[in-house]
Structures are given as C-alpha cells and as structure tokens.
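A.B. asks: Could you work out the structure for the sequence below:
(one chain, ligands or ions: 1)
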Amino acid sequence: MRLRKVKNANEKIAQYPSLAIQNPSNFKGKWRELFGNEYPIHIEIGMGKGKFLLEKAIKEANVNFIGIEKFDSVMIRAVEKIAPYELPNVKLLNIDALILQEIFNNNEVDKIYLNFSDPWPKSRQEKRRLTSNTFLPIFQAILTDCGDIEFKTDNQKLFEYSVMNINKNNMEILDFSLHLHQRDESIITTEYEDRFSKLGQPIFYIKIKFRGEKL
Ligand SMILES: C[S@@+](CC[C@H](N)C(=O)[O-])C[C@H]1O[C@@H](n2cnc3c(N)ncnc32)[C@H](O)[C@@H]1O
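C.D. replies: Predicted structure coming up:
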C-alpha cells in the first residue's frame with residue numbers, strides 16, 4: 001500500500017477508543033467478553049483502509065470482526081471509515097501481526113483473512129510474507145482446530161509461493177480459484193481487489209486449514 005503519512009495519526013486513532021483498542025494485550029483471552037457475546041471471532045490481517053471488514057461486519061452481524069493494520073497512517077483511514085457506522089461487532093488494532101500471540105490466546109480465533117498481502121518479492125524478504133514460516137505457526141496457535149484462513153491476491157508469484165509453503169506445512173486446501181471473480185459474483189471485495197479486477201486481472205483465492213496436531 002502506498003503510504004501517505006498522516007500527521008498525528010496515532011493521536012487521531014486514540015480519539016476512537018471503543019473502536020480502535022489502545023492496549024489490546026489487556027483483552028487476551030477476553031475478546032468475547034469485550035464484544036459481550038459468544039459469536040465467532042474473525043480477524044483480517046493487513047486490512048488497509050477497511051472496506052472489506054466494514055462490509056463483512058454489516059453482512060455478518062453474528063460474527064465479531066477484528067481488523068489488524070500495522071501502519072497508523074493506514075489504520076486511521078479505516079477508523080474514520082468504520083466509526084460512523086457504530087457497529088457493535090468490529091474492533092480495530094494498530095499492531096504488527098508478529099505479536100498476535102500477545103493479543104490472542106491459543107484457539108481464540110475462528111478465521112483469518114489475508115487480503116492482498118504485501119508480496120515482498122525478493123528472497124531475502126521472504127520472512128515478511130504473511131504466508132511464510134514466520135507467520136504460519138503464529139496463525140496455527142491462535143486459530144481453533146477447525147479454524148481456517150482465506151487468502152486472496154492478484155500476485156501470481158505470491159500465490160504460488162503460498163501454495164508451496166502451505167503444502168510444506170501440513171495444511172489442507174478446502175477451496176481455491178485461479179479467477180475468483182469469474183466464479184463468484186457476489187463477493188465482498190477490498191480496495192486493492194477492486195483496483196485489480198477493474199483492470200481485468202485474475203484474483204487468486206485459497207481457503208486452507210491446518211491438519212492434525214498443533215505444531
Ligand atoms: C497491499 S495492502 C492491502 C490492503 C487491503 N487488504 C486491500 O486488499 O485493499 C497490505 C496491507 O497489509 C499491511 N500489513 C503488511 N504486513 C503486516 C503485518 N505484519 N501486520 C499488520 N499489517 C500488515 C500493510 O500495512 C498494508 O496496509
């Protein structure tokens with residue numbers, strides 16, 4: 001995502017404490033208490049400006065959504081977009097996915113969305129990819145045994161890398177498409193997805209889950 005620095009983004013985010021949670025590690029193991037219900041918890045990592053999360057939360061009122069974004073200048077865009085809706089089932093966290101285990105207990109999350117994750121194309125950048133071995137064990141720990149990951153990208157190389165790494169990590173492929181928009185017409189899209197699909201680019205999609213014992 002092209003990053004336009006927003007002045008005082010952090011201070012602006014702090015003006016929305018009920019949506020943008022300030023000390024998220026305080027809620028480790030207690031997210032359902034915070035939401036005040038027992039609904040499943042779905043998180044989107046790298047939510048960008050929040051379109052996908054907002055539309056999902058409106059459509060699926062019986063799911064608790066938590067959006068995660070590491071840059072405050074991007075996060076504030078999502079906060080300002082989502083806040084006016086006053087949705088009871090959305091929280092946003094301005095954190096790096098690297099610290100997810102400080103934020104969620106093992107088995108606390110039911111689904112992870114990875115939408116148009118940064119491709120980090122150079123091999124020395126591999127460990128920053130969200131489908132690399134840096135992140136998959138973290139995701140496995142916080143997901144329930146039945147929990148799954150849905151991944152969408154326009155980037156064929158990142159998709160191929162991810163499929164290869166998924167195979168190495170004893171994961172099961174539940175669904176996939178090499179041209180998601182040709183298959184499904186009523187999907188909820190992200191900002192990036194709209195941009196790429198307008199150009200006629202195929203959107204690659206895969207839904208996966210971990211098999212067997214936790215690592
Ligand atoms: C290419 S953008 C896609 C944004 C949005 N998902 C979309 O499809 O429009 C990727 C986003 O992921 C965020 N991101 C990348 N690595 C992250 C990490 N480790 N933790 C949290 N956010 C991350 C970036 O800051 C960026 O906003």
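
A.B. asks: What's the per-residue pLDDT of Ile103 here?
C.D. replies: Note for Ile103: predicted pLDDT of 98.

A.B. asks: swap in Asp184?
C.D. replies: Value listed for Asp184 in the pLDDT field: 87.

A.B. asks: Quick check: closest non-adjacent residue to it.
C.D. replies: Closest residue to Asp184 apart from its sequence neighbours, by CB to CB, 6 or more residues apart in numbering: Ser177 at 7.8 Å. Heads up, the C-betas are built off the backbone N, CA and C, glycines and all.

A.B. asks: Surely that neighbour is in contact with Lys207?
C.D. replies: No: Ser177 lies out of contact with Lys207 (CB atoms under 8 Å); the separation is 9.4 Å.

A.B. asks: what lines up beside the lengthiest strand in the chain in the sheet?
C.D. replies: Criterion DSSP state E: the longest strand present in the chain is strand 143-153. Strand 143-153 pairs in its sheet with strand 109-115 (parallel), strand 204-210 (antiparallel), by DSSP bridges.

A.B. asks: So for whatever helix or strand comes next after that strand, mean pLDDT?
C.D. replies: As assigned by DSSP states H and E, the chain's next helix or strand after strand 143-153 is helix 156-168. The average pLDDT within helix 156-168 is 96.

A.B. asks: Let me know the angle separating helix 156-168 from strand 143-153.
C.D. replies: For helix 156-168 against strand 143-153, the angle by axes from the mean of the first three to the mean of the last three CA atoms, to 10 degrees is 160 degrees.

A.B. asks: Can you give the contact residues for the following helix or strand past helix 156-168?
C.D. replies: Next helix or strand after helix 156-168 toward the C-terminus (DSSP H and E): strand 171-177. For strand 171-177, contacts defined as CB atoms under 8 Å, 6 or more residues apart in numbering pick out 136, 148, 163, 166, 183-184, 203-211.

A.B. asks: where's strand 171-177 relative to the chain centroid, distance-wise?
C.D. replies: Put simply, strand 171-177 sits 17 Å off its chain's centre (CA atoms, centre = their mean, to the nearest Å).
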